[in-house]
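A.B. asks: I would like to see how this sequence folds:
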Amino acid sequence: MKKRKFFISGEDLKDVLEWYGPSYCFASDRITVDGCKVGYMTREEPESKPFSGWWFYSGDEDQDYADNAENFTYYHLNTICNYDSEIIPFLTAPYNTAFGRDENGIFQEEEFDPPEGEMPAEITTPSPLPDIEDMIAKNCRYISQTEVSVKDIEYQFVKTKTAFCLPVGQIDCPTGEIVVCDPLYYLPSGVDCPHLAIRIPPGVYSVDVAIFYNRHIGTRVCTARLKIKDTKAVSYVCAESIEETTIKLADGFLTGFGVDAGMMTFCDAQVAEEYQNFIKNWEKENPDKNYYTDYFDKFFVETAKALPEYKHTSGDFIEWTNPMSNNKMVMITTGLGDGFYQSFWGYDSNNEICELIVPMIHPNIFE
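C.D. replies: Numbers count the residues shown, from 1 in each chain. Have a look, this model is predicted:
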């Protein structure tokens, strides 16, 4: 197999693409090794689900170069968007379309020329392409479990080439009754917002997140952690909620919390009530606006700018101070987005609570 020295290193890739369809493509070494912009791109109807159908060329490859499978390899679409972001508006184009740059460097649609004959086996064989849907299904099973391994969590907070830990901020806990829920969809109304049955001492506590980069799903938050003591967790127990706040089903109760806006929070019960009052007042003063896009979004962007090493321009977490009470809470992006998540109390060797975690992604699933 051909060895490549990429023009952009993996550590310098950023998440620049929001994409929910088949996410793999093929690109010429003229782009990823030599650093050329995309000059021609074509989308064929794929035979395998992970393949998006996109092929990217610099446009100066001759026929001999294009016929050599060693000059192409497969990538996540986000990777090629790092090399040339001008392709992004065209990625949703239908199958059997092609685009090339005109004399002014502007992409124009061109006649689609289907490939003749059979493509080389090295490229057409879908087996090297991972089944992203299967990975996501496995991760859904992981986050729905009511048991979690200490080792699985511990290694996520150890810095490696593809993983690191970042501080999110602090939360004020005047009562010590913790609420873990979706702060954008559920918390404003207080519906489906579990209040945990175990209380912690009132105080101010730090929150951090374990983050990893993966070529299949980009940069993601794996686990959110509320540190209560500086001791190390040696076991985790699924956190149960106060009965009147537990999510109820026809045949029983659920531990955990639902997410429908791709976000979670750790906050104190009093701070949650203060937040609800803030949202109510804000919406009254801004009847035609959205409290996320017109208010909170700027805080996420500011956090992203303050952490350039994170390479996530939209921001994934904030520490927010309620201007009405000066109490703080945090908001954190939930791994792969919407779903149902569990929280766990971490106990140290003295059988005392030292942390509260919310696992969201198991990195090994996506290797």
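A.B. asks: pLDDT score assigned to the closest residue to residue 111 other than its chain neighbours?
C.D. replies: Computed as Cβ to Cβ, 6 or more residues apart in numbering, the closest residue to residue 111 that is not its neighbour in sequence is residue 98, at 6.9 Å. Placement of C-beta: from N, CA and C, glycine included. pLDDT recorded at residue 98 is 95.
A.B. asks: can you confirm residue 98 is in a strand?
C.D. replies: Yes. Counting by DSSP: H, G, I helix; E, B strand; the rest coil, residue 98 is located in a strand.
A.B. asks: ok, it - contacts?
C.D. replies: 40, 41, 42, 43, 109, 110, 111, 112, 113 (Cβ atoms under 8 Å, 6 or more residues apart in numbering).
A.B. asks: ok, it to residue 110 distance?
C.D. replies: Separation of residue 98 from residue 110 (Cβ to Cβ, to the nearest Å): 5 Å.
A.B. asks: so what sits against both of those two?
C.D. replies: Joint contacts of residue 98 and residue 110 (Cβ under 8 Å, 6+ apart) are residue 40.
A.B. asks: Strands - which of the contacts of residue 98 land there?
C.D. replies: 40, 41, 42, 43, 109, 110 (DSSP state E).
A.B. asks: Just the buried ones from the contacts of residue 98?
C.D. replies: 40, 41, 42, 43 (16 or more other Cβ atoms under 10 Å).
A.B. asks: Can you lay out those residues as TSV showing pLDDT and distance to residue 364?
C.D. replies: TSV is the format used below for the buried ones among the contacts of residue 98 (pLDDT from 0 to 100; distance: Cβ to Cβ, whole Å):
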residue	pLDDT	distance to residue 364
40	95	38
41	95	33
42	94	35
43	93	32
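A.B. asks: Distance to residue 328 for these - can I get that in CSV?
C.D. replies: CSV is the format used below for those (distance: Cβ to Cβ, whole Å):
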residue, distance to residue 328
40, 51
41, 47
42, 51
43, 47
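A.B. asks: Check the residues you listed and tell me the two furthest apart.
C.D. replies: The span of the buried ones among the contacts of residue 98, defined through Cβ to Cβ, is set by 40 and 43 at 11.6 Å.
A.B. asks: Low-confidence stretches in the stretch 251-367 of the chain?
C.D. replies: 251-252, 308-314 (pLDDT under 70).
A.B. asks: so where do the strands sit in it?
C.D. replies: 252-254, 257-259, 263-268, 317-321, 328-333, 339-341, 344-347, 353-359 (DSSP state E, counting those that start in this stretch).
A.B. asks: Out of these, flag the one nearest residue 67.
C.D. replies: So among the strands of the stretch 251-367 of the chain, strand 328-333 is nearest, using Cβ to Cβ, at 43.5 Å.
A.B. asks: mind checking how far residue 342 is from residue 96?
C.D. replies: Distance of residue 342 to residue 96, computed by Cβ to Cβ: 45 Å.
A.B. asks: ok, these two, which is more surrounded?
C.D. replies: Between residue 342 and residue 96, counted using other Cβ atoms under 10 Å, the more crowded position is residue 342 (23 against 13).
A.B. asks: tilt between the longest helix along the chain and strand 317-321?
C.D. replies: When the chain is parsed with DSSP state H, its longest helix is helix 269-285. Angle between the axes of helix 269-285 and strand 317-321 is 90 degrees (criterion: axes from the mean of the first three to the mean of the last three Cα atoms, to 10 degrees).
A.B. asks: Pull out the buried positions in helix 269-285.
C.D. replies: Buried-residue list, helix 269-285, by 16+ other Cβ under 10 Å: 269, 270, 271, 272, 273, 274, 275, 278, 279, 282.
A.B. asks: Now do it: which elements does it pack against?
C.D. replies: Helices and strands touching helix 269-285, as assessed by 3 or more Cβ pairs under 8 Å, 6 or more residues apart in numbering; DSSP states H and E, comprise strand 163-173, strand 178-181, strand 328-333.
A.B. asks: and the shortest one, what does it pack onto?
C.D. replies: Here strand 178-181 touches strand 263-268, helix 269-285, strand 353-359, going by 3+ Cβ pairs under 8 Å, 6+ apart.
A.B. asks: For residue 190, find the nearest of the ones you listed.
C.D. replies: helix 269-285 (6.2 Å).
A.B. asks: who touches the helix or strand harbouring residue 134?
C.D. replies: If you go by DSSP states H and E, residue 134 is part of helix 132-144. With contact meaning Cβ under 8 Å, 6+ apart, helix 132-144 is reached by 23, 49-50, 216-217, 256, 335-336, 339-342, 359-362, 365-366.
A.B. asks: orientation of that helix relative to strand 353-359 in degrees?
C.D. replies: Using the same axes, to 10 degrees: helix 132-144 against strand 353-359 is 150 degrees.
A.B. asks: Going forward, count from 21.
C.D. replies: Happy to do that; since the first residue is 21 now, the last one works out to helix 152-164.
A.B. asks: can you dump the C-alpha coordinates of helix 152-164 into CSV?
C.D. replies: Provided in CSV are the C-alpha atoms of helix 152-164 (Å, rounded to 0.1, in the frame of the first residue of the first chain):
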residue,chain,number,x,y,z
ILE,A,152,-21.1,3.9,10.7
GLU,A,153,-24.7,3.1,11.4
ASP,A,154,-23.7,-0.1,13.2
MET,A,155,-21.2,1.9,15.2
ILE,A,156,-23.8,4.4,16.2
ALA,A,157,-26.2,1.6,17.1
LYS,A,158,-23.6,0.0,19.4
ASN,A,159,-23.0,3.4,21.0
CYS,A,160,-26.7,3.8,21.7
ARG,A,161,-26.6,0.5,23.5
TYR,A,162,-23.6,1.7,25.5
ILE,A,163,-25.2,5.0,26.7
SER,A,164,-28.4,3.1,27.6
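A.B. asks: Could you single out the nearest of the contacts of residue 118 to residue 339?
C.D. replies: Out of the contacts of residue 118, the member with the shortest distance to residue 339 (by Cβ to Cβ) is residue 61, at 41.4 Å.
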